[in-house]
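K.L.:
how would this look folded up:
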Amino acid sequence: MVLYSAFTDPDLFWGRIASNPVFEPGRDQFFAPAAAATRNDLGLVVTSGSHDLPELRESALAWFQEWEGRNDAPWALNAVTIEGGTHAADSPNSYRIAMSWLFNRNRQ
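P.N.:
Next up is the predicted model:
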């Protein structure tokens with residue numbers, strides 16, 4: 001739901017955290033352009049554990065590669081690999097990393 005809302009209604013939330021998201025069903029939607037935003041301060045953090053299930057990790061890496069190279073995102077993106085992380089076991093690390101980035105990214 002986090003990625004769905006980021007793609008369909010980017011202005012709904014200022015910041016979003018997708019911890020080890022699953023890109024199925026609807027994979028095509030997450031590789032297509034997102035809806036336009038009216039704000040320019042939006043942030044999206046997507047994390048993936050390096051020890052996640054192979055099919056989930058492969059999807060995450062493909063998504064990271066796609067979106068890290070694009071300039072049409074309505075949000076600033078921080079795509080993070082949590083070394084040694086798994087799907088559900090590293091949710092606290094995902095949120096800690098994401099909250100720090102979301103609240104400190106404009107202070108640099």
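K.L.:
quick one: the helices in the chain, in order.
P.N.:
Using DSSP state H, the helices of the chain run over 2-8, 27-31, 54-68, 91-104.
K.L.:
so where's this protein shaky on pLDDT?
P.N.:
Where the chain drops to pLDDT under 70, the residues are 108.
K.L.:
tell me the contacts of the most centrally placed residue in it?
P.N.:
Nearest to the mean C-alpha position of the chain, counting by C-alpha atoms, centre = their mean, stands residue 46 at 2.5 Å. Going by C-beta atoms under 8 Å, 6 or more residues apart in numbering, residue 46 touches 3, 18, 21, 60, 63-64, 77-80. C-betas here are computed from N, CA, C, even on glycine.
K.L.:
from those residues, which is closest to residue 27?
P.N.:
Nearest to residue 27, judged by C-beta to C-beta, of the contacts of residue 46 is residue 63 at 8.8 Å.
K.L.:
would you mind measuring from the closest one to residue 31?
P.N.:
7 Å (C-beta to C-beta, to the nearest Å).
K.L.:
have a look at those two and say which one is more surrounded.
P.N.:
Per other C-beta atoms under 10 Å, whichever of residue 63 and residue 31 has more neighbours is residue 63, with 20 against 13.
K.L.:
wait, the more buried one sits on residue 28?
P.N.:
No. Counting by C-beta atoms under 8 Å, residue 63 sits too far from residue 28 to count as a contact (11.8 Å).
K.L.:
closest to residue 105 among the contacts of residue 46?
P.N.:
Nearest to residue 105, judged by C-beta to C-beta, of the contacts of residue 46 is residue 78 at 7.6 Å.
K.L.:
number of nearby residues for that closest one?
P.N.:
Residues near residue 78, counting by other C-beta under 10 Å, number 18.
K.L.:
please apply the same query to residue 77.
P.N.:
Per other C-beta under 10 Å, the neighbour tally for residue 77 reads 16.
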